[in-house]
Each structure stands twice: as C-alpha cells, then as structure tokens.
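Asker: only the shape, not the letters, is given here:
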C-alpha cells in the first residue's frame, strides 16, 4: 500500500504544480484552492508512504514522478518544446525511479 500512496502523492504533485500555473500567483480562487488541496493531499500521502519506504527512496521517487509528470504536462498542455534532449533526460529520470523501486526493500 505504501508504494500506491507514493505514486498517488507523485501524481498529486503534478496536479499542484500545474495549479500553481493556473492560479496566477494565487490570484484566482478556484485554481488556488485546488492547488492547496492537492498539496496537502500529496504531502499526506508522501508522509504515510514514508512510514514503510526509506526516506531517500520515497522522496526521490516522489520528486521524480512530479518532475517527469510536470515536464510532460508542460510539453502537452503548455506547448513547451519536446526536444530530443528533454525527452532523453525525462527517460533518465524514469530509469532512476524504476531503479530505486527495484533496489528498495519490500
């Protein structure tokens, strides 16, 4: 269950990162509320995952999921460039996430 919490926490990190963009510096109420709720839920899920997953592994995976998801969202939704170099770097992050999962106990 801890890994499920960790993945969900990472997905919510993408939600709140996008929410930061849409909130326009917390000047728009709706996106600001969604951002705050997603942040709180993401941290809560991360904290619960870290009860069973080592800190270094859990935090790195959480950040990695957030970074990959946010970078892909930027390319797909915000029309940021999808250069070969960016895609290779995203692939390296995914490889690191998978490696950490495979190297982790439990």
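Answerer: Arrived safely. No experiment lies behind these values; they were computed from the predicted model shown.
Asker: leaving out chain neighbours, which residue sits closest to the residue most central in space within the chain?
Answerer: What sits nearest the mean C-alpha location of the chain, by CA atoms, centre = their mean, is residue 66, with 1.8 Å. Ranked by CB to CB, 6 or more residues apart in numbering and with sequence neighbours excluded, the top spatial neighbour of residue 66 is residue 13, at 3.4 Å. Heads up, the C-betas are built off the backbone N, CA and C, glycines and all.
Asker: separation between that neighbour and residue 85?
Answerer: To residue 85, residue 13 is 23 Å away according to CB to CB, to the nearest Å.
Asker: who has more neighbours out of the two?
Answerer: The neighbour count for residue 13 versus residue 85, taken as other CB atoms under 10 Å, is higher for residue 13 (25 against 8).
Asker: who's sitting farthest from the centroid in the protein?
Answerer: For the chain, the largest distance from the centre (CA atoms, centre = their mean) belongs to residue 27, which lies 23.3 Å off.
Asker: quick check, pLDDT for that one.
Answerer: The model reports residue 27 with a pLDDT of 96.
Asker: in which helix or strand would I find it?
Answerer: Using DSSP states H and E, residue 27 is not contained in any helix or strand.
Asker: ranges for the helices of the protein?
Answerer: Counting by DSSP state H, the chain has these helices, from start to end: 2-23, 29-49, 55-76, 84-103.
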